[in-house]
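>>> could you look at this predicted model? Sequence included:
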Amino acid sequence: MRRQSVCGGAGWWWRAVAWWGAVVLGHLVSRGSAGLLDTNPGLAYNFYRTSCPSAEATVKSITSQQVAANPALAGRLLRLHFHDCFVQGCDASILLDTTTPPNEKSAGPNGSVGGYEVIDAIKTQLEKTCPGVVSCADIIALAARDAVSYQFPSSLWQVETGRRDGPSSLASNTGALPSFSAGFNALVQSFATQGLDVGDLVALSGAHTIGKASCSSVTPRLYQGNTTNVDPLLDPTLATVLMSKCPNNPSSSSSTVDLDGNTPFKFDGTYYTNLQNKRGLLASDAALMQNAAAVTIVNDLTNPIKFYAAFAMSMKKMGRINVLTTKNNKGKIRAQCRAP
Ligand code: HEM
């Protein structure tokens, strides 16, 4: 997929206008929520301005090249940031290859997480230009933003930096990640544990407007109790399509289907119209339509301008989860992202 084809035709203008509106709205919302910044544990925009002026440009350049060559990386890198932050905070613990005890990346919920090679490539380059300066946790956060923003005229959200890297990675901590089969209350609880509210849950779930899921994440909805009973919260027409791609046998479990069957590579918020039409892929997506307050937010975020603004705000909150910084005197800058 080339940048021109993603942005081609009238759709480009539409997304550019929506993006611009979201940027303006995002700034207005940011100014109105200074309280969040007050509790900032030591992050800042452009943290590497003097210590490594080329840091953000390097991340953007390598990420863009890799996403251009392989568009599937946009979803992988966005999910990598989420799975890093929800387990022990945004400390790059998901990258560690330590094996005793078992590490995060070996745990079931991280089985299909990817994008590690992109982070390695960026880190290798940054260690040449600015040795020992840029954290792996910040590289993950920036790469997630740049991978998704590749479709847009400019960055879709601002990323605070200044995170440091954690020393450990434990598979046993990945229980903090919400399950694809979670109901609404379990999702709310999972997000609340991280300091995120229902608005964040609905906005961040909009990440499922791109990317893929394994059949094994979907088949429980298609063959309930190992029968042909389909989850009543799933559109029967979509269920039929999904059944053809994900037959009820173990050999199909690693096949993949698009999270957003309409526009799988566009970060466009059609996720929310999918939800309204019972076409959210995962049980956890459908669960958002089981609560009146969440439904109101879903309806609101079908407006792409509001979606981009809400997503930007919630990504900023997610990017602050339990960060290690110079201010709290925790963490370090790893020389290699895979080694503590
Ligand atoms: C609300 C709770 C969430 C649940 C239960 C959930 C669950 C899942 C599952 C099961 C998959 C498919 C994995 C597979 O089958 O291989 C997936 C994919 C994905 N998730 Fe989530 N997720 C949630 C929230 C988020 C958040 C907050 C983000 C990012 C901000 C995110 C970003 C993604 C992306 C981009 C993909 C596609 C990955 C790819 O294409 O490789 N998810 N998610």
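Yep, that arrived.
>>> all helices of the stretch 101-250 of the chain, in order?
116-129, 136-149, 184-193, 198-205, 219-222, 236-245 (DSSP state H, counting those that start in this stretch).
>>> residue numbers of this structure in contact with the ligand?
By the rule C-beta under 6 Å from any ligand atom, the part of the chain lying against the ligand is 75-76, 78-79, 82, 112, 114, 178-180, 182, 187, 201, 204-205, 207-208, 210-214, 217, 259, 282, 284. Backbone N, C-alpha and C define where each C-beta goes, glycine included.
>>> re earlier: and among the helices of the stretch 101-250 of the chain, the most buried is which?
Between the helices of the stretch 101-250 of the chain, helix 136-149 has the highest mean count of neighbours, a mean of 27, where neighbours are mean count of other C-beta atoms under 10 Å.
>>> does anything pack onto that helix? Which helices or strands?
In terms of contacts (3 or more C-beta pairs under 8 Å, 6 or more residues apart in numbering; DSSP states H and E), helix 136-149 is packed against helix 55-69, helix 73-86, helix 116-129, strand 160-161.
>>> and of those, who's closest to A192?
In terms of C-beta to C-beta, the element of those nearest to A192 is helix 73-86, at 12.1 Å.
>>> in the protein, which residue sits nearest the ligand?
When distances are taken as C-beta to the nearest ligand atom, the chain reaches nearest to the ligand at G211, 2.4 Å away.
>>> how about the nearest residue to that residue, chain neighbours excluded?
Spatial nearest neighbour of G211, excluding adjacent residues (C-beta to C-beta, 6 or more residues apart in numbering): G75 at 2.7 Å.
>>> pLDDT at the residue sitting furthest away from the middle of the chain, what is it?
Most distant from the centre of the chain: T227, at 32.8 Å, with distances by C-alpha atoms, centre = their mean. Per-residue confidence for T227 comes out at a pLDDT of 85.
>>> check L36 too.
34.
>>> now swap in A213 and tell me
Reported pLDDT for A213: 97.
>>> that one pairs with what?
Beta-bridge pairing for A213 (DSSP bridges): V257.
>>> isn't it right up against G280?
No: judged on C-beta atoms under 8 Å, A213 makes no contact with G280 at a distance of 11.0 Å.
>>> and these two? which has more neighbours close in?
G280 (26 against 19; other C-beta atoms under 10 Å).
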